[in-house]
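[1] Structure, please.
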Amino acid sequence: MIRIGKIVATHGINGSLILTHVVGNSQWLKKEHVLQVEMQKGSFIPYFISNFKENNNKEYIINIEEIDKIESAKELVTKHVYVDESILSAFARQSPLLWIGFKVIDAQNGEIGEIEDVMQTGNQWLAKLTYQNTEILIPLIDQTIDALDIKKKIINMTLPDGLLEVYLGS
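    Coordinates of the predicted model:
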């Protein structure tokens, strides 16, 4: 599963919810998709979409089967939402925000660590991870990415020479 966003608010009195997402494209959600809502750390509950409407490129207004009152909907506010990797395989290359939790493997140094966060600086995306107890930032650019495996949550990279040494002071 890939974390795509979170439920940020209720909408109206009939149990509608506002789902913000990081996919970067608002054409990915379909009515037949199942949303996995993380109710507690590591505990996911599947919810089926009964209706949805695009609000903008970053959020949807959704209705979930069996939730038709604002009181029930409020229980889902602030919860992270995940979907199956297969739903987003076409969009994964476009949005590095979906790569949080992916394992980075460098061609020279092997496994570096798991992406903890992703941020954009100008036109470039950077991944934050911990390598040998040190927080590092690595560029997520086409020139460094060799392969992206959505199913296994792995990014194979060839990092610039000396990048890790800069952080480790070697």
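
[2] Tell me where this structure has strands.
    In the chain, the segments counted as strands under DSSP state E are 2-11, 16-21, 34-40, 43-56, 59-64, 80-83, 103-106, 110-114, 117-121, 124-131, 134-139, 145-149, 154-157.

[3] Let me know which of the ones you listed is tucked in deepest.
    Each of these was assessed for mean neighbour count using mean count of other C-beta atoms under 10 Å. The highest is strand 16-21, with a mean of 22. Heads up, the C-betas are built off the backbone N, CA and C, glycines and all.

[4] Pick out the residue closest to the middle of this structure.
    Residue closest to the average C-alpha location in the chain (C-alpha atoms, centre = their mean): L98, at 3.2 Å.

[5] how near is that residue to Y82?
    11 Å (C-beta to C-beta, to the nearest Å).

[6] who touches both of the two?
    I2, R3, I4 (C-beta atoms under 8 Å, 6 or more residues apart in numbering).

[7] from memory the first one sits against L98, does it?
    Yes: the criterion here is C-beta atoms under 8 Å, and I2 meets it with L98 at 5.4 Å.

[8] returning to what we had before: output the strands of the chain in JSON lines, with distance to W28 appended to each entry.
    Below are these laid out as JSON lines (distance: least, C-beta to C-beta, whole Å):
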{"stretch": "strand 2-11", "distance to W28": "8"}
{"stretch": "strand 16-21", "distance to W28": "8"}
{"stretch": "strand 34-40", "distance to W28": "12"}
{"stretch": "strand 43-56", "distance to W28": "10"}
{"stretch": "strand 59-64", "distance to W28": "10"}
{"stretch": "strand 80-83", "distance to W28": "9"}
{"stretch": "strand 103-106", "distance to W28": "23"}
{"stretch": "strand 110-114", "distance to W28": "24"}
{"stretch": "strand 117-121", "distance to W28": "18"}
{"stretch": "strand 124-131", "distance to W28": "19"}
{"stretch": "strand 134-139", "distance to W28": "26"}
{"stretch": "strand 145-149", "distance to W28": "17"}
{"stretch": "strand 154-157", "distance to W28": "20"}
